[in-house]
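# Got a sequence here, can you build the structure:
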Amino acid sequence: MHKIQRRRIEPQQQQRLPTTQRQEYQLTKMLLLQISSISISAIPYAINTLYNTITSQIQKDSLRTAQENLSTTVINFLFYLNFAVSFYIYLISSKTLRKKFFRKFLSTYSGCKQVTHAISTITAPTANNLDRTTT
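Residues are numbered from 1 along each chain as shown. Down below sits the predicted model:
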């Protein structure tokens, strides 16, 4: 008869990337996210600016003017929002930065909770007190 041999599959040890490779991976991820963010906000901004320049001499009715103003406002908001988003992109894409940020945030926050200041009371002068000082 045939002997059935059972083979045990041993899990391979999880190999960690060397520090430089891990940092390069995080930087590449940050760079791609940043480029995507800039593209999403800058391309519509450039197109809208070009459109407004080309159509500036055309007579427009109030509805078209309102539509263009709305689109310009939304596009400008997205364009300027891009400058604030960079921090969050870095925070999301880098595990090292995220750990350092939360460690610093928690140490600062816990330090703020421990500080207590005594509040001294100040009495406001009343009409009776003012009359005594002027006579």
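
# List the buried residues for the longest helix anywhere in the chain?
Assignment by DSSP state H gives helix 19-54 as the longest helix of the chain. Neighbour counts over helix 19-54 (16 or more other Cβ atoms under 10 Å) mark 26, 30, 33-34, 37, 41, 44-45, 48 as buried. (Each C-beta comes from the backbone N, C-alpha and C, glycine too.)

# and the residues you listed as a markdown table, adding pLDDT and distance to Arg6?
Output for the buried residues of helix 19-54, formatted as a markdown table (pLDDT from 0 to 100; distance: Cβ to Cβ, whole Å):
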| residue | pLDDT | distance to Arg6 |
| --- | --- | --- |
| Gln26 | 84 | 42 |
| Met30 | 88 | 47 |
| Leu33 | 90 | 47 |
| Gln34 | 91 | 52 |
| Ser37 | 91 | 53 |
| Ser41 | 91 | 59 |
| Pro44 | 95 | 62 |
| Tyr45 | 96 | 65 |
| Asn48 | 97 | 68 |
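
# After the longest helix of the chain, which helix or strand is next?
Going down the chain from helix 19-54, the next helix or strand is helix 62-93, by DSSP states H and E.

# Any idea how far that following helix is from the middle of the chain?
Offset of helix 62-93 from its chain centre (Cα atoms, centre = their mean, to the nearest Å): 14 Å.

# for that helix, packing partners?
In terms of contacts (3 or more Cβ pairs under 8 Å, 6 or more residues apart in numbering; DSSP states H and E), helix 62-93 is packed against helix 19-54, helix 95-114.

# now with 6 Å?
helix 19-54 (3 or more Cβ pairs under 6 Å, 6 or more residues apart in numbering; DSSP states H and E).
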